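Engineer: sequence unknown, structure follows:
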């Protein structure tokens, strides 16, 4: 059945309008994007209009709220092609993700046409490349489609409008975000490992009007990921700090200078410090945080819904256009706080609380470590008040992983109950029984909030197995420091060993860390970035072991639980381990920690500049690649200016520009085995800059990467070599 391209375009625009109306309004009408803040690879696609069920060709389908696609009898004569349609026109996507462009050819009778040749190309100067186009069906050749869809080069591809409806799976469990390509449309996929713009053109040879046969889309690729603040419960009339973390996806360094917009969309009277406005923008600082304070202007119980947007400034790369690269929401609930006994409440006077000890709540959650599939699991919960001051208005929330079931759980699979008041020194014992309906590792998280207390919580997990399932023998151990201070580097080691007698292929190792407390800066090569986690895929023969390392900078004080999990190729959890770390603040009794000391740290006579050169893979096989990390630290008392870095690649290796990165995207040139980075304007006191040089091993031997750094005020270049890298 042919589909009306005119009514289809109207339906797509209507769907986009409905979607936009459901989002929070910003302070200005900037374009938004579909970037996943987790950093996972995604599809970016035009709005989806659901296909109708199989009906008579004379029965039109009209999606609710929008005009739909109309059937046309197959015997109707085709007219000339008059239009080329393309969506989306200007998406924003994370580097390393995949963007899907969908094009269709419309005829004069208002219907899409199949077997029409499309030529896809990238304009000169564009970043990125084509990765795939829609393929022909088995019978399309017999029906006269001789276009042979294919990717010819990185910047040129040939496609053909299909004769079948196609649904592209985005790889998530829910089908709601899948991409639907209609009969008479075709798709092309693009990706880019670096920031910049992809100017993509599509040309339809069958469209008669020269002005209508070419359409263009511009994809803005950005290197970013973010973490929005969590909902909170605050006493009436109080103040709360909202923190959004914005970092680069490639190396987790801060996106300094970007902005985060906070806007109060609904709820009681409240505003942002200092002037009480309902909309404010905060600049991302050198730590990667955009911070604002919200206060109540009138003490009234209720919840403020707060809309958030991450904004890339106009002075950035990618054509210098201001873009909203992400949006989200959080909530602040203002709850009544208890008045201490004996405090007078004379009319017109706002009583102040005496200097009492703030209630300190501690939560302990325990349960079985293993359970059978489709059984019931009971967890024990202990909520203790460790102070002598009563804690009132306590709210307890139980958050269940997918696969756990409870009859009173809400649509978010959570259960909320009010505990009321907990006297000083008292402990309340509770229990919760849930059903487990999915094999693997399932976790229950308990959170307690209330007026005047710091939120407290705990987590317990259970491994759910089928009685008939015999899991392979695999052990995982994770070790690291037990106590550090803010600014110091935590080095975690993961040991994975196959203790069985069979080869284990497709193992997935996931290392989860507390993103609010730790920022990964270095990891064993081969990792993938997931939400608050790094992952590797391993193949281990019987008795074989693997060692992984992750280095993290301590960014905030508190207790951090860092867990590693090992999964089989089918997703079954077989082993896990945990390393706990307590991060303390920098105090006067102990000076701030020195920058991380790697084996290759330079202690040259230029004491103000410290250099480390670290190979992130050793040894390496001929033909494989590795990356060197170059770290510059200014430990002097004044800034270093016009800082230039040159890396001299040894003769047994060859530089690879793809994967070579400069500080904050600094440009570089590769010539005769040397990688020269453009000078950085300044290396501030205490600042750390990172450079990465990727090379390919071509000759067996032992080699060192040589780095030269020059700066204004230095009498001569500072030279540092890496430790030996073995190529076999």
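Structural biologist: Sure, I can see it. Just so it is clear, the structure is predicted and the values come from calculations on it, not from any experiment. Residues are numbered from 1 along each chain as shown.
Engineer: can you give me the helices in the chain?
Structural biologist: Along the chain, the stretches classed as helices by DSSP state H are 5-22.
Engineer: let me see the domain layout of it.
Structural biologist: 5-222, 225-335, 361-465, 474-584, 609-727 (automatic domain parsing).
Engineer: could I get the average pLDDT for the longest one?
Structural biologist: Domain 5-222 carries an average pLDDT of 68.
Engineer: for the shortest one, same thing?
Structural biologist: Model confidence over domain 361-465, given as mean pLDDT, is 87.
Engineer: with the fourth one instead?
Structural biologist: With pLDDT averaged residue by residue, domain 474-584 scores 86.
Engineer: okay, how far is it across it, tip to tip?
Structural biologist: In domain 474-584, first residue to last residue: 34 Å (CA to CA, to the nearest Å).
Engineer: for the third one, same thing?
Structural biologist: In domain 361-465, first residue to last residue: 34 Å (CA to CA).
Engineer: use 669 as the first number from now on
Structural biologist: I'll keep to 669 as the first residue from here, and by that count the last item is domain 1029-1133.
Engineer: returning to that earlier point: can you list the domains of the chain in CSV and add mean neighbour count?
Structural biologist: C-beta: built from backbone N, CA, C; applies to glycine. Converted to CSV, these look like this (neighbours: other CB atoms under 10 Å):
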stretch, mean neighbour count
domain 673-890, 17
domain 893-1003, 18
domain 1029-1133, 17
domain 1142-1252, 17
domain 1277-1395, 17
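Engineer: residue 1014: which of these is closest?
Structural biologist: Closest to residue 1014 of the domains of the chain is domain 893-1003 (CB to CB; 17.3 Å).
Engineer: can you give me the offset of that closest one from its chain's centre?
Structural biologist: 17 Å (CA atoms, centre = their mean, to the nearest Å).
Engineer: quick one: end-to-end length of that domain, please.
Structural biologist: 32 Å.
Engineer: state the mean pLDDT of it.
Structural biologist: What domain 893-1003 shows for mean pLDDT is 86.
Engineer: what's near enough to touch residue 1331?
Structural biologist: Listed by CB atoms under 8 Å, 6 or more residues apart in numbering, the contact partners of residue 1331 are 1345, 1348, 1357, 1358, 1359.
Engineer: which one among those gets closest to residue 1156?
Structural biologist: Distances from residue 1156 to these, taken by CB to CB, are shortest for residue 1358, at 17.5 Å.
Engineer: pretty sure the closest one is touching residue 918, no?
Structural biologist: No - between residue 1358 and residue 918 there is no contact, the gap being 10.2 Å when judged by CB atoms under 8 Å.
Engineer: overlap in contacts, the two.
Structural biologist: Residues touching both residue 1358 and residue 918 by CB under 8 Å, 6+ apart: residue 1329.
Engineer: tell me the contacts of the closest residue to residue 770 other than its chain neighbours?
Structural biologist: Leaving aside its chain neighbours, residue 770 sits nearest to residue 855 (5.0 Å; criterion: CB to CB, 6 or more residues apart in numbering). Contacts for residue 855 (CB under 8 Å, 6+ apart) come out as 768, 769, 770, 771, 801, 802, 827, 834, 836, 847, 849.
Engineer: show me which pair in these is furthest apart.
Structural biologist: Farthest pair in the contacts of residue 855 (CB to CB) is 827 and 847. Separation: 15.2 Å.
Engineer: between the contacts of residue 1331, which is closest to residue 1229?
Structural biologist: residue 1358 (27.3 Å).
Engineer: residues contacting that closest one?
Structural biologist: Per CB under 8 Å, 6+ apart, neighbours of residue 1358: 919, 921, 1189, 1297, 1298, 1299, 1300, 1329, 1331.
Engineer: now swap in residue 1110 and tell me
Structural biologist: By CB under 8 Å, 6+ apart, the contact set of residue 1110 is 1069, 1071, 1072, 1104, 1129, 1130, 1132.
Engineer: now swap in residue 1216 and tell me
Structural biologist: Residues in contact with residue 1216 (CB under 8 Å, 6+ apart) are 1161, 1162, 1164, 1177, 1179, 1191, 1192, 1204.
Engineer: cool, residue 976 as well?
Structural biologist: 896, 897, 912, 928, 929, 930, 931, 995, 996, 997, 998.
Engineer: swap in 7 Å and give it another go.
Structural biologist: Residue 976 makes contact with 896, 912, 928, 929, 930, 995, 996, 997, 998 under the criterion CB atoms under 7 Å, 6 or more residues apart in numbering.
Engineer: once you drop chain neighbours, what's closest to it?
Structural biologist: Spatial nearest neighbour of residue 976, excluding adjacent residues (CB to CB, 6+ apart): residue 996 at 5.0 Å.
Engineer: equivalent analysis for residue 928, please.
Structural biologist: residue 958 (3.7 Å).
Engineer: do residue 1220 as well
Structural biologist: Distance criterion CB to CB, 6+ apart; nearest residue to residue 1220, sequence neighbours excluded, is residue 1186 at 4.0 Å.
Engineer: hey, what's that neighbour bridged with?
Structural biologist: Beta-bridge pairing of residue 1186 under DSSP bridges involves residue 1222.
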